[in-house]
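Engineer: build the 3D model from these lines:
(chains A, B, C and D)
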Protein chains: 2
Amino acid sequence: MAEAPLYDDSLTIALLRARDAVTAPFREHVAEAGLTLQQWRVIRALAGGFELDTTTLSRRCVILPPSLTRMLRFLSEQGLVEQVPASDRRQRVVRLTDQGQQLFDRMWVTSQEKYAAIEAAFGTDETRQLVETLNRFRACLESQDHA
Amino acid sequence: MAEAPLYDDSLTIALLRARDAVTAPFREHVAEAGLTLQQWRVIRALAGGFELDTTTLSRRCVILPPSLTRMLRFLSEQGLVEQVPASDRRQRVVRLTDQGQQLFDRMWVTSQEKYAAIEAAFGTDETRQLVETLNRFRACLESQDHA
DNA sequence: ATGATTTAATTCACATGTTAAGTATTTTAC
DNA sequence: GTAAAATACTTAACATGTGAATTAAATCAT
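Structural biologist: Numbering: from 1, shown residues only, chains lettered A, B, ... in the order given. Prediction:
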């Protein structure tokens, strides 16, 4: 009975659900360390001593600048991130503190294990092909819009 | 120089970016009508006279119940949605008002056109295959977690 | 039938998403 | 060298995401 009409955005819904499914185990993992997924993305982008400005972080982590401003304030207060001087004084360049790097080190192995479990479940080749398809899809749409 | 380490969540990032790319034209379209993408998803789920409860809406639109509560308050205030009596008085069952249905009718054609443009750009078969792959991926992960 | 359990939705508190406007710094053009 | 334009980030305001606690109603067990 009463079936919904065909969605014009089945793709959008499928992307949302896929993201929910794939992030679930990571969300749980980082929550145990008192972090959100977004905060973890920032920490990982900085792991290994990288010093990045807000714009670069925003692109790599797919987090909008206003959110990053708030997040960096929080991460600084937690002693996980610190600011470093930048030649261009408009920029805000940050890096992990020792404490931040240690937190990363503690979480990284488990994080990788969870990702490996996903690849194992869906298939390594299929997983990589999905990532490739998604990136090609995005590139395709973005080149269309800029026309 | 200074390349970031390999992400363990390239899949998460790819999903986020793909979603950003695919929703961009729709976001612009619905904003002209004073709606957000999420509000538009709810309106479309109700279009055609369907009467749905919060739980069903939450699943179909991939919007968590607390967000739906706020959104339904807003949509009611705008006169787009109205509540209908439910046999189970715990449930909140809603439907579109005439005004809501008219808004949907005005937006639907353009919305479909934009989706058709995406399919045309990436390829009809490839787009459908991507949706199929995403759904299969999600089903795979969810069956893993319930183990 | 009554009390315990489950279910549906809401509220709360806080984090993030999103757009527009604002501020400080740098670059460009002249 | 200085004013205009561009850049990097922040702030503000509001919408949504998220998990935990709460409330009300239905179901279950006895």
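
Engineer: and the nearest residue to residue A:67 once chain neighbours are set aside, how many neighbours does it have?
Structural biologist: Nearest residue to residue A:67 in three dimensions, chain neighbours excluded: residue A:38, at 7.1 Å (CB to CB, 6 or more residues apart in numbering or on different chains). The way it works is simple: take the backbone N, C-alpha and C, and place the C-beta from them, glycine included. Using other CB atoms under 10 Å in any protein chain shown, residue A:38 has 15 neighbouring residues.

Engineer: check residue A:91 too.
Structural biologist: 14.

Engineer: could you verify that it is part of a helix?
Structural biologist: No: assigned with DSSP: H, G, I helix; E, B strand; the rest coil, residue A:91 falls outside any helix and is coil.

Engineer: for it, phi and psi?
Structural biologist: phi -80, psi 150 (degrees, to the nearest 10).

Engineer: pretty sure it is touching residue A:54, no?
Structural biologist: Yes: Residue A:91 lies in contact with residue A:54 (CB atoms under 8 Å); the separation is 7.0 Å.

Engineer: next, the angle from the worst-scoring helix or strand of chain A on mean pLDDT to helix B:124-145.
Structural biologist: When the helices and strands of chain A are scored by mean pLDDT, DSSP states H and E, helix A:124-145 comes last with a mean of 92. Compare the direction of helix A:124-145 with that of helix B:124-145 by axes from the mean of the first three to the mean of the last three CA atoms, to 10 degrees and you get 140 degrees.

Engineer: am I right that residue A:59 sits in a strand?
Structural biologist: No: counting by three-state DSSP, residue A:59 falls outside a strand, being helix.

Engineer: check it and give its pLDDT.
Structural biologist: The per-residue pLDDT reported for residue A:59 equals 97.

Engineer: neighbours of it, how many?
Structural biologist: 12.

Engineer: ok, it - contacts?
Structural biologist: Residue A:59 sits next to no residue when contact means CB atoms under 8 Å, 6 or more residues apart in numbering or on different chains.

Engineer: same check on residue A:105?
Structural biologist: No contacts exist for residue A:105 under CB under 8 Å, 6+ apart.

Engineer: let's verify residue A:87: helix, strand, or coil?
Structural biologist: Applying three-state DSSP: residue A:87 is coil.

Engineer: and it, how far from DNA strand D?
Structural biologist: 11 Å (CB to the nearest atom of the strand, to the nearest Å).

Engineer: residue A:85 now?
Structural biologist: 12 Å.
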